[in-house]
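# Pasting the sequence and the predicted coordinates here, then a few questions.
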Amino acid sequence: MNKQMRVAFIGAGNMAEAMISGIVKTKTLEPQQVLVTNHSNEDRLLELHNRYGVQGIVRDRFPLATADVIILAMKPKDAEQSLLSIKNHIKPNQVVMSVLAGISTSFMEEHLNEGQQVIRVMPNTSSMLQESATAVSPGGHCTMNNVVMAKNLLKAIGEVYVIEEDQMDLFTGIAGSGPAYYYYLMEHIEKTARENGMDPAQAREIGAQTILGAAKMMLEREESPAQLRRNITSKNGTTASGLDALAENGGGKAIKAAVEGAMNRSKEISEQLEKTPVNQ
Ligand SMILES: NC(=O)C1=CN([C@@H]2O[C@H](COP(=O)(O)OP(=O)(O)OC[C@H]3O[C@@H](n4cnc5c(N)ncnc54)[C@H](O)[C@@H]3O)[C@@H](O)[C@H]2O)C=CC1
Ligand SMILES: O=C(O)[C@@H]1CCC=N1
């Protein structure tokens, strides 16, 4: 990417770190091209500097005007106050990206200056290993160049999908929150393995390799997941017993409920924020 480009993270939590890690490790940007600030924790900024070489700068001295891209990475409840606090320090041609669940491009546009270029992004924490599934939806004032720039930057953290914004809540339920479902699955596999006498560390490695193998099969083979499942399921065999137990215990319903639960919470965050009058 452009050697002059500067990317500024506002928010220095888990998601910002996962993205910074991907961007620096892949050398998409040099560490000094990445700036990061947070609410008040200077030790955390120093930690990110020591770990990745990026510039951790306290909020009062944060050189916002020098950034080409500003990435909002605070919690959704802090979004309004943060947007209003940057509004008078930025120009419309600085691209404001948000990774916040439930924060729409129209909410960002309403709280920034007329014509501001904004992009809604939904990554996940696998960004840390460049394995995120990341969605991008541009706001109304973005150009094609903005979208290309966002894709090139976000490729540093994994695969990037440009989607319609009305699919963003669903995407959040599948991929933003998604890694947590697989971790939860693994927690239960590990627990079951331990209860049945296997060393938990070994169970974790075996379980993770199994998820990785299945994920690669789904990405690289032509067959549908249903066909891949049938390929393993011998009549009266072990898999059939396992799958019957999953169905009897509401496995499919639980997965649907998880995705829809996260999706609905994303919608609810948007609705709650949109009810609040713009407080300039
Ligand atoms: N953790 C995840 O897996 C994912 C999180 N997200 C989104 O990323 C956002 C951040 O999530 P986490 O990193 O997990 O949260 P976190 O709680 O770890 O980090 C939040 C950061 O924002 C900072 N902050 C809060 N208000 C601020 C302000 N006014 N100015 C500057 N900094 C401020 C805090 O000091 C902290 O560094 C959330 O909005 C979430 O929806 C999106 C995709 C995945
Ligand atoms: O739990 C959350 O709200 C954030 C958004 C997507 C993943 N984590």
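Good, I have the coordinates. Ligands and ions are numbered 1, 2, ... in the order given.

# burial count for the residue in the stretch 151-280 of the chain that ligand 2 sits nearest to?
For the stretch 151-280 of the chain and ligand 2, the shortest gap (C-beta to the nearest ligand atom) falls at residue 176, measuring 3.4 Å. (Glycine included, C-beta is placed from N, CA and C.) Residue 176 has 26 neighbours, counted by other C-beta atoms under 10 Å.

# Numbering from 653 from now on, please.
Taking 653 as the first residue, the last one we looked at is residue 828.

# Next, the contact list for it, please.
753, 774, 775, 776, 914, 918 (C-beta atoms under 8 Å, 6 or more residues apart in numbering).

# which residues pair with residue 748 across the strands?
residue 722, residue 770 (DSSP bridges).

# rewinding a little: can you tell me how far the residue of the stretch 803-932 of the chain closest to ligand 2 is from residue 903?
Going from residue 828 to residue 903 by C-beta to C-beta, to the nearest Å gives 22 Å.

# Quick one: classify the closest residue to ligand 2 within the stretch 653-802 of the chain as helix, strand or coil.
Residue nearest to ligand 2 within the stretch 653-802 of the chain: residue 753 (3.7 Å; C-beta to the nearest ligand atom). For residue 753, the assignment made with DSSP: H, G, I helix; E, B strand; the rest coil gives coil.

# How many neighbouring residues does it have?
20.

# wait, doesn't it sit right on residue 729?
No: using C-beta atoms under 8 Å as the test, residue 753 is too far from residue 729 to be in contact (10.9 Å).

# how about the residue of the stretch 653-802 of the chain closest to ligand 2, what does it touch?
Counted by C-beta under 8 Å, 6+ apart, residue 753 has contacts 728, 774, 824, 828, 917, 918, 921.

# Please repeat the previous calculation with a cut-off of 6 Å.
For residue 753, the contact set (C-beta atoms under 6 Å, 6 or more residues apart in numbering) comprises 728, 824, 918, 921.

# Among those, which are located in helices?
918, 921 (DSSP state H).

# May I ask which two of the contacts of residue 753 are separated the most?
728 and 824 (11.2 Å; C-beta to C-beta).

# between those two, who's got more neighbours?
Per other C-beta under 10 Å, whichever of residue 728 and residue 824 has more neighbours is residue 824, with 23 against 18.

# Identify the residue spatially nearest to that one, adjacent ones excluded.
The shortest distance from residue 824 to any non-neighbouring residue, by C-beta to C-beta, 6 or more residues apart in numbering, is to residue 918 (4.4 Å).

# Give me the pLDDT for that neighbour.
Residue 918 carries a pLDDT value of 97.

# Wait, it touches residue 822, no?
No: using C-beta atoms under 6 Å as the test, residue 918 is too far from residue 822 to be in contact (8.4 Å).

# helix or strand for residue 874, which one?
Residue 874 is part of no helix or strand, with elements assigned from DSSP states H and E.

# how far out from the middle of the chain is stretch 868-876?
Taking C-alpha atoms, centre = their mean, to the nearest Å, the mean C-alpha location of stretch 868-876 is offset from the chain mean by 23 Å.

# Would you mind measuring the gap between the ends of that stretch?
Using C-alpha to C-alpha, to the nearest Å, the end-to-end distance of stretch 868-876 comes to 13 Å.
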